[in-house]
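Student: Structure for the following, please:
(4 chains)
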There are 2 protein chains.
Amino acid sequence: MSKPDPARSAGGASDSRLSRASVQRFSLYLRHLQRFVREGVQTVSSGQLGEALGLTDAQVRKDLAYLGNLGQPGIGYPAPELIAALRHRLGIDRTWPTIVVGVGNLARALLRYRGFEQQGFLFVALFDADPGKIGQKVDGLEVYDPKRMAEVVADLKAELAVVTVPADAAQSVTDALVAAGIRGILNFAPTVVRLPEGVSLVSVDLAVQLEQLAFLVESDRPEGEPE
Amino acid sequence: MSKPDPARSAGGASDSRLSRASVQRFSLYLRHLQRFVREGVQTVSSGQLGEALGLTDAQVRKDLAYLGNLGQPGIGYPAPELIAALRHRLGIDRTWPTIVVGVGNLARALLRYRGFEQQGFLFVALFDADPGKIGQKVDGLEVYDPKRMAEVVADLKAELAVVTVPADAAQSVTDALVAAGIRGILNFAPTVVRLPEGVSLVSVDLAVQLEQLAFLVESDRPEGEPE
DNA sequence: GGATGTGAACGACTTCACAGCG
DNA sequence: CGCTGTGAAGTCGTTCACATCC
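Tutor: Now for the predicted structure:
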């Protein structure tokens, strides 16, 4: 009765068995490889990559093995091929039209960070329930009434959504997004959100991260220390 | 040579063996319990908590057992006691003076989110290298020249820092924070940061999360689908 | 020699299942 | 009974170690 979905929030069966942790590292490999290439490096070893990212060489090889046999024994991996393989595997060898719901400071920060666009994410529309914001333009994008979500999402073929609304609005916004046909949601609202199968969810809970940090610092005190 | 620190980034030995995953869930338990109490609930079972958070009841009990034997068989857990125990274990039964380095939109978003203060984090100073920002006030807090970091951190007894600077400035900012005596860093810069033992680090990489989402959606397509 | 790919060992986390208590 | 706490089993992810190949 209280057993949660065995397949966490969503996500179907791809080909290989790929852990969530490996996928997160894929993004890091990709970014570092792109930097290596900018610096003129053409070939890179598992040791070098691991060194740069704080991972063991074995870990790097295990991860990269999921991409097929790109490595050359005695040499290393060809950086450009690795980059292409990573982008393909991550699904970012194309453009993802993305919308943002909730136009606050966090949304503005995300819109201005050009790193997303660089990796294939393109913000195409904003939504906010505040009448004062509807119709305005933020960073060149129009702010729509959430009532028009289904229509706008379909028109712009948006598949991903970033949710930066307050916690108490998160579930209803999520439901609306699902109804509008969105396939994946990046949620920043500090709450647990439910959604049906077939829609993917990644949550970033900033309060949780800050509390984690407090715990780490607290656990790290050498001896009995003053409170 | 490439073996990363066995004890990840930092973090010493506390009393019990507590997994990082459990600690993250502690934050979620805490928030939900606070909501329960606001709604008048005084006693809560592992099944109820698990239901609310999408976890198994066994998982909840295992986690909560780390707090001591607070549960009463046949009854459940007393919510107020659980809350107090969680806050204590997380190290947030006190105030953490916190600084922010890099005054952009992300910083502003964090400053305005009142959930942090509610849990014991108090922003006490801002830093930014932009001369146009130094001396200004943002959300009632002064923006200081990073050169004054050691002095200001000591004066205000700040222990935690949130870093929201561009990737290429992250390492030097981190080094300066460590030199200034900061004990924990929440890093938003999209890069891997190195720091000495005795300082804790939590990184939130938004690009990684968005790419993770793309991967999930991509892996979740039913059959061969149009690109 | 130098670096990959991978089975096997290891370790960490989760779920199961049940004894025990209110 | 209902619900907790917990050993045991199971699952997942990482590290080791080495055969293999350029």
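
Student: Tell me where chain A has helices.
Tutor: Assigned by DSSP state H, the helices in chain A fall at A:20-38, A:46-53, A:57-65, A:79-90, A:105-112, A:115-118, A:149-156, A:167-179, A:206-219.

Student: Give me whichever of these is most buried.
Tutor: helix A:206-219 (a mean of 23; mean count of other Cβ atoms under 10 Å in any protein chain shown). In short, each C-beta sits where N, CA and C put it, glycine included.

Student: domain ranges for chain A?
Tutor: Residue ranges for the domains of chain A, per automatic domain parsing: A:6-90, A:96-209.

Student: Contacts for stretch A:100-115, please.
Tutor: A:116, A:123, A:125-128, A:130, A:133, A:138-139, A:141, A:143, A:146, A:161-166, A:169, A:173, A:177, A:188, B:104-106, B:108-109, B:112, B:190, B:206-207 (Cβ atoms under 8 Å, 6 or more residues apart in numbering or on different chains).

Student: ends of it, how far apart?
Tutor: By Cα to Cα, to the nearest Å, the extent of stretch A:100-115 from end to end equals 16 Å.

Student: Now that stretch: average pLDDT?
Tutor: Computed over stretch A:100-115, the mean pLDDT rounds to 96.

Student: from the chain's centre, how far out does it sit?
Tutor: 14 Å (Cα atoms, centre = their mean, to the nearest Å).

Student: follow-up on the earlier one: of all the domains of chain A, which one is nearest DNA strand D?
Tutor: domain A:6-90 (2.8 Å; Cβ to the nearest atom of the strand).

Student: hmm, which helix or strand of chain A has the shakiest average pLDDT?
Tutor: Least confident element among the helices and strands of chain A, by mean pLDDT, DSSP states H and E: helix A:115-118 (a mean of 92).

Student: How far does it sit from its chain's centre?
Tutor: 12 Å.

Student: How far does stretch A:40-51 stretch from one end to the other?
Tutor: Terminal-residue distance, stretch A:40-51 (Cα to Cα): 18 Å.

Student: contact partners of stretch A:144-163?
Tutor: Residues contacting stretch A:144-163 (Cβ under 8 Å, 6+ apart): A:96-102, A:107, A:110, A:121, A:124-129, A:134, A:170, A:173-174, A:176-177, A:179-189, B:210, B:213-214, B:217.

Student: Please apply the same query to stretch A:39-48.
Tutor: For stretch A:39-48, contacts defined as Cβ under 8 Å, 6+ apart pick out A:33, A:36, A:57-58, A:60-61, A:64, A:71, A:75-80, A:82, B:1-2.

Student: rerun at 10 Å
Tutor: Applying Cβ atoms under 10 Å, 6 or more residues apart in numbering or on different chains, the external contacts of stretch A:39-48 come out as A:29, A:32-33, A:35-37, A:51-52, A:55-65, A:71-72, A:74-80, A:82, B:1-2.

Student: Just the CA coordinates for stretch A:197-216, please, in PDB.
Tutor: What follows is stretch A:197-216 as a C-alpha-only set of coordinates in PDB (Å, rounded to 0.1, in the frame of the first residue of the first chain):
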ATOM      1  CA  GLU A 197       4.000   7.600 -15.400                       C
ATOM      2  CA  GLY A 198       5.300   8.700 -18.800                       C
ATOM      3  CA  VAL A 199       6.400  12.100 -17.400                       C
ATOM      4  CA  SER A 200       9.900  12.500 -15.900                       C
ATOM      5  CA  LEU A 201      10.800  14.500 -12.900                       C
ATOM      6  CA  VAL A 202      14.000  15.900 -11.500                       C
ATOM      7  CA  SER A 203      13.800  17.900  -8.300                       C
ATOM      8  CA  VAL A 204      16.300  20.400  -6.900                       C
ATOM      9  CA  ASP A 205      15.600  21.200  -3.400                       C
ATOM     10  CA  LEU A 206      17.800  24.100  -2.300                       C
ATOM     11  CA  ALA A 207      16.800  23.900   1.400                       C
ATOM     12  CA  VAL A 208      17.700  20.300   1.500                       C
ATOM     13  CA  GLN A 209      21.100  21.000   0.100                       C
ATOM     14  CA  LEU A 210      21.800  23.800   2.600                       C
ATOM     15  CA  GLU A 211      20.700  21.600   5.500                       C
ATOM     16  CA  GLN A 212      23.000  18.800   4.200                       C
ATOM     17  CA  LEU A 213      25.800  21.300   4.400                       C
ATOM     18  CA  ALA A 214      25.000  22.200   7.900                       C
ATOM     19  CA  PHE A 215      25.000  18.600   8.800                       C
ATOM     20  CA  LEU A 216      28.400  18.000   7.200                       C
END
